[in-house]
Every structure is written in C-alpha cells, then in structure tokens.
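J.: Let me see the structure of the following:
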Amino acid sequence: MSKHGRILVAMSGGVDSSVASVMLHEQGYEVIGLTMKTWDYASSGASSKETGCCSLDSINDARSLAVAYGFPHYILDIRNEFGDFVIDNFVDEYLAGRTPNPCVLCNTHIKWEALLKRADKLNCEFIATGHYANVRLEDNGRYVISKGKDENKDQSYVLWGVSQKNLARTKFPLGSFTKAEIRQMALDMGQEDLAKKSESYEICFVPDNDYRAFLRHRVADLEEKVAGGNFILTDGTVVGKHQGYPFYTIGQRKGLGIALGQPMFVTEILPEINTVVLGTQDELQKSAALVRGINLIKYENITEPLEAVTKIRYKDAGTISTIVEEDGLMKVNFHHAVGGIAPGQSAVFYEGNDLLGGGFLL
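T.: Just a heads-up that it's a prediction; the model follows:
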C-alpha cells in the first residue's frame, strides 16, 4: 500500500512531466504514467522532423523513465477526440477571422477529461501534470489555481478553463520550483539527456510553427477561396490586396507585404467581406473588451465590479482593469489602453497571484 494513494501522471517525455512523476514516486505515491497521443504527425502537413510530446522518441523516453523507476506506463490514443475538437476548432476560428487558443481547449475539454476517465479505470484518486502552477483548497470550498514560482515559466494562463470538479483531483508538483531547479533535479537523477532537452513553444500539431501551411494543408483550395481581398484603412480607403484573411492576426505588423510610409498594424479582420483593416499603433489601442465562455476559479461569480490584472495573451504582462459579469459576459475596462486585443484569444484575470478565471475575447 502506497503512502499517499495512487496517482496518474501525464507524461509527455519532457523534463517537466518526467521529474514530476519521479518526485511523486519518491514522495510515496503509487505512480502510473500515461502518455497521450493527441495528433497524427503525417496528417499535419509539416515539413520539419517530428518533434515534441507526440513523437515516438518522446513516448519512448516517458516509458523508459517509468521502467527505470519501476512504475507502470500506458499510452492513450486520443487522436480522434483531439482532432474532432481541438484541430477542427483551430481551423474554424481562423476561418471566422479569430485567433484560436488550442492549448486552452485541449486542457479543458480533452486532456483533463481523458486523464480522469483513465484514472477512474485505474483506481487513481488523483492526476498530475508538469505544469508550472499551484492549486489549493480555499475555506469557501473552491479550488484555486495560483501562479507558479517561476514567473518566466508560469502556465496558469492556459489552465483557466479547468473545472472545479477536475481541479479537486489535480496535483501540480512543479508549482513551487523554478525551471532551473527542475533541470538540476533531472541531472541529480542521472538523466543528463533529459535535463538538456530543449523546450518546444510550438502548437503540438503545427510542429514547424507555420500555421498558415497547416491551414492550407487542412482546407482544400483555401488560397483560391480567400486570396485577393482588400487591405483597407480604418476610414475605408483601399490600400492594397492581401493573401487571404485567415493568414493575419490582430496586432500583426510584419509580413503584411505593403508599405504605407509608417508602421501599420492589423486592427480588424472582416471575414464576411474578405477584408483586413490596417491602422496605426494608436488605432490598435482599446480601453475595453468583452469576454465570453467564462469559467471562474476563485469565486463563484463576480457580479460586483472587481479590480484585477487582465492578461490578453500568454506572454502579456497584464493590465490593471475593472471586471464585472453581465448577461453571461465579462466586461473588462482597462485602466490604460492596451494593444492587440485579438478575438478568440484568452483573457485571463488575476487577483495577486491567484487565478480568478478566464474566457475568450470577443
């Protein structure tokens, strides 16, 4: 009988989840490792070598570590569920003129559900991942996510969609460590190759980070359908032709292929008329936003105005704002204007280090 019970650990084969599994094993949990195969590399249309969490090498690395430490390891094929939901949404969002957040959708609707379903079958009370974040139970009965110790690696932003029910069974072993400390732990374990593994900041199903090529591969005749639309200024003046509205994102400045004598940015995408609006940096700034699909973490609701720091993208430093729920939406009033608010991206709200919740920008 283990000291702390049985726990299912999501193992990608990378240093973070590998150290997390060993850490829990040494703490006295009965660890079971699980690697999820979420996508089929051959179907991505990528030109680069297969890398990342779904490659055969990564799966073998996860299994080898489990064997070395004497705990079971399984592979779970969720390519169908992943493709039907995450990849289809990714394509649909770009075709709707929005910028998708596939990691949030995957965490919320695919990975956690798949992990807990398998955890139940294996009689595991808890699941664990290698995310740099923390979770605790508050006196009000709510499970609260807070930022990880390593500010440069904090991953709370992509976890806003995880439900209270699922957080109740979730452990984040790495939340109180820095990335440097985790790499050192891998070295101390005698796993030098693991400690030196490079990190991937790419979307797992777009391994060469070229989402435009991925869209062309997934959507037949895409360029023929969307090429040749107009670039216009905010006053409606036509200033050129673009390559297709799905290939642009709000806030984009480089790669526009047009020179207007001053830096210009994508300020709006109008898919219904195949038009991309360009504006100055001042015209890119917004003082308010609406957010849909809200999931609250720290409080059950926010029906009175509350001051929070709102992040509109993963690497955003955040902006002080006032937020309040109205008619199923979160209304966000920024205390100073922010640039590059991209519909489809996540807006995530913080109170200090605590994650209040999040949703998708309209």
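J.: low-confidence ranges in the stretch 51-200 of the chain?
T.: 51-54 (pLDDT under 70).
J.: Could you say which helix or strand holds the residue positioned nearest the centre of the chain?
T.: In the chain, the residue lying closest to the centroid (CA atoms, centre = their mean) is residue 103, at 3.1 Å. For residue 103, the host element (DSSP states H and E) is helix 102-105.
J.: the helices in the stretch 201-350 of the chain, which residues?
T.: 211-218, 222-226, 281-284 (DSSP state H, counting those that start in this stretch).
J.: Give the other helices and strands that the longest one contacts.
T.: Packed against helix 211-218 by the contact rule (3 or more CB pairs under 8 Å, 6 or more residues apart in numbering; DSSP states H and E) you find helix 88-95, helix 222-226. C-beta here means a position set from N, CA and C on the backbone, and glycine is covered the same way.
J.: Now do the last one: everything it contacts.
T.: With contact meaning CB atoms under 8 Å, 6 or more residues apart in numbering, helix 222-226 is reached by 215, 216, 219, 243, 244, 245, 246, 274.
J.: do stretch 79-87 as well
T.: For stretch 79-87, contacts defined as CB under 8 Å, 6+ apart pick out 37, 38, 39, 40, 102, 105, 106, 109, 110, 114, 205, 218.
J.: count of residues packed around residue 140?
T.: 9 (other CB atoms under 10 Å).
J.: brain fart, residue 285
T.: Residues near residue 285, counting by other CB under 10 Å: 16.
J.: List the residues that contact the nearest residue to it once chain neighbours are set aside.
T.: Leaving aside its chain neighbours, residue 285 sits nearest to residue 337 (3.9 Å; criterion: CB to CB, 6 or more residues apart in numbering). Contacts for residue 337 (CB under 8 Å, 6+ apart) come out as 285, 286, 287.
J.: what's the closest of those residues to residue 19?
T.: Proximity of the contacts of residue 337 to residue 19 (CB to CB) peaks at residue 286, which lies at 40.5 Å.
J.: List the single closest residue to the closest one in space, sequence neighbours excluded.
T.: Per CB to CB, 6+ apart, closest to residue 286 is residue 341, 5.0 Å.
J.: list the contacts for the one you found?
T.: Taking CB under 8 Å, 6+ apart as the test, what residue 341 contacts is 250, 286, 289, 312, 361.
J.: still on that earlier bit, please work out how many residues are found near the closest residue to the residue nearest to the centre of the chain other than its chain neighbours.
T.: Of all residues not flanking residue 103 in the chain, residue 158 sits nearest, at 4.8 Å (CB to CB, 6+ apart). Each residue near residue 158 was counted by other CB under 10 Å, and the total is 22.
J.: Same check on residue 235?
T.: Counted with other CB under 10 Å, residue 235 comes out at 7.
J.: Repeat that for residue 315.
T.: 8.
J.: try the one 5 residues further on
T.: Using other CB under 10 Å, residue 320 has 11 other residues around it.
J.: which residues does it bridge with?
T.: Under DSSP bridges, the beta-bridge partners of residue 320 are residue 309.
J.: got the contact list for it?
T.: Counting by CB under 8 Å, 6+ apart, the residues that residue 320 touches are 307, 308, 309, 334, 335, 336.
J.: Excluding sequence neighbours, find me the nearest residue to residue 36.
T.: residue 76 (4.9 Å).
J.: Am I right that the one you found is in contact with residue 32?
T.: No. Shown here, residue 76 and residue 32 do not form a contact pair, counting by CB atoms under 8 Å, at 11.4 Å.
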